[in-house]
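Novice: Coordinates for the following, if possible.
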Amino acid sequence: GLCQDRSSSFMKLSIWPAVLIFSLAAAYPVAAQSVTSNEGRRELGVSIGELSSGAPNAAAGHLDLNAGVAIELSFAQKIRDLGFGSLYWEVDSLVGPMRRVDGTPATATHTVRSVYATPGLRLRFTPKEPVSPWLAAGAGYAFYNSDNTAIDGGPAAGGSKHTYAIDVGGGVDYALGKSYVLRGEARGFYTGSPKFGTPSDNGLFNFVISGGLVWRFK
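Specialist: The predicted model follows:
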């Protein structure tokens with residue numbers, strides 16, 4: 001049922017912090033011994049997580065946009081050292097290969113694919129320590145592609161849509177040495193609405209919890 005699906009989605013999301021905490025606890029002794037005083041000015045990162053479910057308001061019923069896998073790629077360039085941290089310019093990008101849509105009307109599209117690209121700023125605290133928390137915000141572009149097959153198996157008025165995206169988030173970096181960092185993060189994305197094949201509200205909020213690896217270089 002719907003409650004079971006949402007419970008399952010929550011359980012999947014809750015696994016990520018536990019895995020991250022366990023991994024970071026194991027890595028911390030190594031990081032403490034090898035933390036760099038020569039941090040790289042550029043970063044390239046890749047993370048995997050889960051893009052949240054949502055409940056867009058359709059004029060003719062109630063839709064449920066299910067959770068799905070998310071792959072994040074990011075590039076950052078340090079632009080200034082501050083007394084309490086470092087300021088970076090970053091481009092965060094996210095791909096959601098597929099999320100299922102359920103609910104009514106049954107003529108709505110059955111799947112939605114997502115791509116976000118949001119340039120912005122990241123403020124990283126305690127940059128020369130093994131543990132570096134950070135905050136980020138940006139704005140840019142969202143692309144949605146909706147299937148032309150409906151929930152009931154018939155045709156749907158899906159298609160592609162280009163719209164805006166705003167993201168706000170934060171995370172924690174754990175240095176594994178001079179070049180590699182283990183990262184856990186959570187971001188919220190507010191975008192225009194995909195083409196659901198039925199009139200719906202113009203805004204959609206998604207969040208992602210992810211973990212991955214970052215390469216720092218000159």
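Novice: C-alpha only now, for contacts and for neighbours.
Specialist: Fine.
Novice: Who are the packing partners of the longest strand along the chain?
Specialist: Taking DSSP state E as the criterion, the chain has its longest strand at strand 85-103. Strand 85-103 is packed against strand 61-65, strand 68-81, strand 111-125, with contacts defined by 3 or more CA pairs under 8 Å, 6 or more residues apart in numbering; DSSP states H and E.
Novice: neighbouring strands for that strand, and are they parallel or not?
Specialist: Applying DSSP bridges, strand 85-103 is found paired with strand 61-65 (antiparallel), strand 68-81 (antiparallel), strand 111-125 (antiparallel).
Novice: related to what we said a few turns ago, let me have the helices and strands packed on strand 85-103 in a markdown table, extended by mean neighbour count and distance to Ala157.
Specialist: Below are the helices and strands packed on strand 85-103 laid out as a markdown table (neighbours: other CA atoms under 10 Å; distance: least, CA to CA, whole Å):
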| stretch | mean neighbour count | distance to Ala157 |
| --- | --- | --- |
| strand 61-65 | 18 | 15 |
| strand 68-81 | 18 | 22 |
| strand 111-125 | 21 | 12 |
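Novice: out of the ones you listed, nearest to Glu50?
Specialist: Closest of the helices and strands packed on strand 85-103 to Glu50 is strand 68-81, at 4.6 Å (criterion: CA to CA).
Novice: Only C-alpha atoms, please: export the closest one in PDB.
Specialist: The C-alpha coordinates for strand 68-81 follow below in PDB (Å, rounded to 0.1, in the frame of the first residue of the first chain):
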ATOM      1  CA  GLY A  68      14.500   6.900  -7.000                       C
ATOM      2  CA  VAL A  69      18.300   6.500  -7.300                       C
ATOM      3  CA  ALA A  70      20.300   9.700  -7.700                       C
ATOM      4  CA  ILE A  71      23.800  10.200  -9.000                       C
ATOM      5  CA  GLU A  72      25.600  13.500  -8.200                       C
ATOM      6  CA  LEU A  73      28.700  14.900  -9.900                       C
ATOM      7  CA  SER A  74      30.300  18.100  -8.600                       C
ATOM      8  CA  PHE A  75      33.200  20.400  -9.400                       C
ATOM      9  CA  ALA A  76      34.500  23.100  -7.000                       C
ATOM     10  CA  GLN A  77      37.200  25.800  -7.200                       C
ATOM     11  CA  LYS A  78      38.400  27.600  -4.100                       C
ATOM     12  CA  ILE A  79      38.100  31.400  -4.600                       C
ATOM     13  CA  ARG A  80      39.000  32.700  -1.100                       C
ATOM     14  CA  ASP A  81      40.500  31.700   2.200                       C
END
